[in-house]
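Chemist: Okay, predicted coordinates and the sequence, questions at the end:
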Amino acid sequence: MNFSLTEEHLMIRDAARDFAQTELLPGVIERDNAQKFPDSLVRKMGELGFLGIMVDPKYGGSGMDTISYVLIMEELSKIDASASVMVSVNNSLVCYGLEAFGSEAQKQKYLTKLATGESIGAFCLSEPEAGSDATSQRTTAIDKGDYYLINGTKNWITNGGRADFYLVIAQTDKHKGSHGINAFIVEKGTPGFDIGPKEDKLGIRGSDTHTLQFNDVKVPKENRIGDDGSGFRFAMKTLSGGRIGIAAQALGIASGAYELALKYSKERKAFGTEICNHQAIAFKLADMYTEIEAARMLVLKAAWDKDQGNNYDKSSAMAKLYASKVAMEQTVEAVQIHGGNGFVKEYHVERLMRDAKITQIYEGTSEIQKIVISRGLIKE
Ligand code: COS
């Protein structure tokens, strides 16, 4: 048992922290207000290797482990969760999905561009009537011989407007249920593939969330990922890793809010002393730190499980369930510690509070995480 990070992990964490402070912090409030996607920053994150963190260097990736990924995600999320969700989706849903399940030709054609940030990816599972109930896919992909014909609607798609390549899950054979589902790579610009307007959201307002329409979209057979009927298991396995990324995002939102609250409480005076000297505030800080450390342990354990080759379905669901709850509760406390200042934008904590909510919803709601955890427990 060793609770220390390696020298290399510390260096990676510090590099991400520097980047977040110098590049993400300036303009983060304006991007949130204007719902602006951080375009120029995406290129810089690509140069730093943040868009293909765990990808093998032979495909243009950084070849780092999952622990490094969660350290980077935490640091970026402390400052800008709109930027970090883009990083999370590209890394753990798109790059991981292709590297683990794609053909060599798909990796050469798509993964090499996605891992360097030359291209951006999106993962398209959710539908208007299939969010939590992911087996009930209404989007169809009919086998037409040398191509599939895709029809349907996907919504709440992160990177939806900015992506170049989309991993799309669709039903090929309804009678086979989850065994009749496939995953495909669809390129932007394919005829019949249309991108709807950007969603106006409560939080992560800079992130690029869209509805997508597929009307008789022809996708070549070689763009199917894995064997016929393997799309649902592909989606579930990929989402298990994605949940580690979102858990790390929630951890970053919580720890970012805590750090701001601690600093503020040491500066702001009331009743003749800094407010951290009042037990009402000091006990809040103690609770916040304890909860955040507990979340950190679960996040690192899930990442470690993945790196060790252990099954991480349950540990990733536990990390996401708990870290997202901590993010929601502790960002509210951070706003409370800031008092009236917490309610205005320039102190950042109100944005973190709004950003926290989505971590209890996307990549599986908290209720879905409880299904995954309890099924895992009963199976053991
Ligand atoms: N790894 C590999 N295979 C998996 C798996 C996983 N993590 N989870 C499920 N499967 C397999 C099952 O073993 C089953 O295969 P068999 O029929 O061969 O036994 C098949 O997939 C269907 O699984 P299951 O019966 O558990 O499906 P359910 O319809 O009960 O759904 C949940 C399971 C609820 C866990 C799933 O639909 C889910 O995760 N939903 C949330 C989706 C989500 O995160 N949406 C957000 C979109 S991304 S923003």
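Modeler: That came through, no problem.
Chemist: is stretch 116-131 anywhere near the ligand?
Modeler: Yes. Using CB under 6 Å from any ligand atom, stretch 116-131 reaches the ligand at 125, 126, 131. Heads up, the C-betas are built off the backbone N, CA and C, glycines and all.
Chemist: The second one: how many residues sit nearby?
Modeler: Summarising burial for residue 126: neighbours were counted as other CB atoms under 10 Å, giving 21.
Chemist: Isn't it up against residue 153?
Modeler: No. In this structure, residue 126 is not within contact of residue 153 by CB atoms under 8 Å, at 9.9 Å.
Chemist: Tell me the one of the residues of stretch 116-131 next to the ligand nearest residue 221?
Modeler: residue 125 (21.1 Å; CB to CB).
Chemist: Where does whichever residue of the stretch 201-350 of the chain sits closest to the ligand fall, secondary structure wise?
Modeler: Going by CB to the nearest ligand atom, the ligand is nearest to residue 236 of the stretch 201-350 of the chain, at 3.4 Å. Here residue 236, judged by DSSP states H and E, is contained in helix 231-267.
Chemist: Tell me the buried residues in that helix?
Modeler: Buried residues in helix 231-267, counted by 16 or more other CB atoms under 10 Å: 231-258, 260-262, 264-265.
Chemist: what do you get for stretch 294-308?
Modeler: 295, 296, 298, 299, 300, 301, 302, 303, 304, 305, 306.
Chemist: Confirm the last one sits in a helix?
Modeler: This means residue 306. Yes. Assessed with DSSP: H, G, I helix; E, B strand; the rest coil, residue 306 lies in a helix.
Chemist: ok, now which ones touch it?
Modeler: Residue 306 makes contact with 66, 241, 244, 312, 316, according to CB atoms under 8 Å, 6 or more residues apart in numbering.
Chemist: Over to the first one?
Modeler: With contact set as CB under 8 Å, 6+ apart, residue 295 has these partners: 247, 250, 251, 254, 319, 322, 323, 326, 327.
Chemist: So residue 204, which state does it fall into?
Modeler: Taking three-state DSSP, the label given to residue 204 is coil.
Chemist: Show the backbone phi and psi for the spatially closest residue to it that is not a sequence neighbour.
Modeler: The shortest distance from residue 204 to any residue other than its chain neighbours is 4.7 Å, reached at residue 82 (CB to CB, 6 or more residues apart in numbering). Taking degrees, to the nearest 10, you get phi -70, psi -40 for the backbone angles of residue 82.
Chemist: Cross-check the contact I'm expecting between residue 82 and residue 209.
Modeler: No. At 9.8 Å, residue 82 does not count as touching residue 209 under the criterion of CB under 8 Å.
Chemist: Would you mind telling me which of the two has the busier surroundings?
Modeler: Each of residue 82 and residue 209 has its neighbours counted (other CB under 10 Å); residue 82 has more, 27 against 24.
Chemist: roughly how far apart are that one and residue 37?
Modeler: Residue 82 is 8 Å from residue 37, where distance means CB to CB, to the nearest Å.
Chemist: anything in contact with each of those two?
Modeler: In contact with both residue 82 and residue 37: 31, 206, 207, using CB under 8 Å, 6+ apart.
Chemist: Quick one: residues contacting the second one.
Modeler: Taking CB under 8 Å, 6+ apart as the contact definition, residue 206 lies against 28, 31, 32, 35, 36, 37, 38, 80, 82, 83.
Chemist: In a markdown table: those residues, plus secondary structure.
Modeler: Shown next, in a markdown table, are the contacts of residue 206 (three-state DSSP):
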| residue | secondary structure |
| --- | --- |
| 28 | helix |
| 31 | helix |
| 32 | helix |
| 35 | coil |
| 36 | coil |
| 37 | coil |
| 38 | coil |
| 80 | coil |
| 82 | helix |
| 83 | helix |
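Chemist: Return the item of these having minimum pLDDT.
Modeler: The pLDDT minimum for the contacts of residue 206 sits at residue 38, where the score is 86.
Chemist: unless I'm mixing things up, that one is touching residue 84, no?
Modeler: No. Applying CB under 8 Å, one finds residue 38 not in contact with residue 84, separated by 10.2 Å.
Chemist: So those two - more neighbours on which side?
Modeler: Using other CB under 10 Å, the more surrounded residue of residue 38 and residue 84 is residue 84, with 31 against 21.
Chemist: Tell me, how many residues neighbour the nearest residue to residue 349 once chain neighbours are set aside?
Modeler: In this structure, residue 349 finds its nearest non-sequential neighbour in residue 334, 4.5 Å apart by CB to CB, 6+ apart. By other CB under 10 Å, 31 other residues sit near residue 334.
Chemist: For this structure, what lies in contact range of the ligand?
Modeler: Close to the ligand, as judged by CB under 6 Å from any ligand atom, the chain has residues 125-126, 131-132, 134-135, 178, 232-233, 236-237, 239-240, 313, 362-364, 368, 371-372.
Chemist: Check the residue of the stretch 201-350 of the chain closest to the ligand and give its pLDDT.
Modeler: For residue 236, the predicted pLDDT is 97.
Chemist: what about stretch 28-46, distance to the chain center?
Modeler: Average the C-alpha atoms of stretch 28-46, do the same for its chain, and the two points are 16 Å apart (CA atoms, centre = their mean, to the nearest Å).
Chemist: oh sorry, the question was meant for stretch 67-75
Modeler: Computed by CA atoms, centre = their mean, the chain-centroid distance of stretch 67-75 equals 12 Å.
Chemist: next one: stretch 204-217
Modeler: 16 Å.
Chemist: So for it, mean pLDDT?
Modeler: If you average the pLDDT over stretch 204-217, you get 98.
Chemist: Report the buried residues of that stretch.
Modeler: 204, 205, 206, 207, 208, 209, 210, 211, 212, 213, 214, 217.
Chemist: repeat for stretch 271-286
Modeler: For stretch 271-286, a neighbour-count test (16+ other CB under 10 Å) marks 275, 276, 281, 284, 285 as buried.
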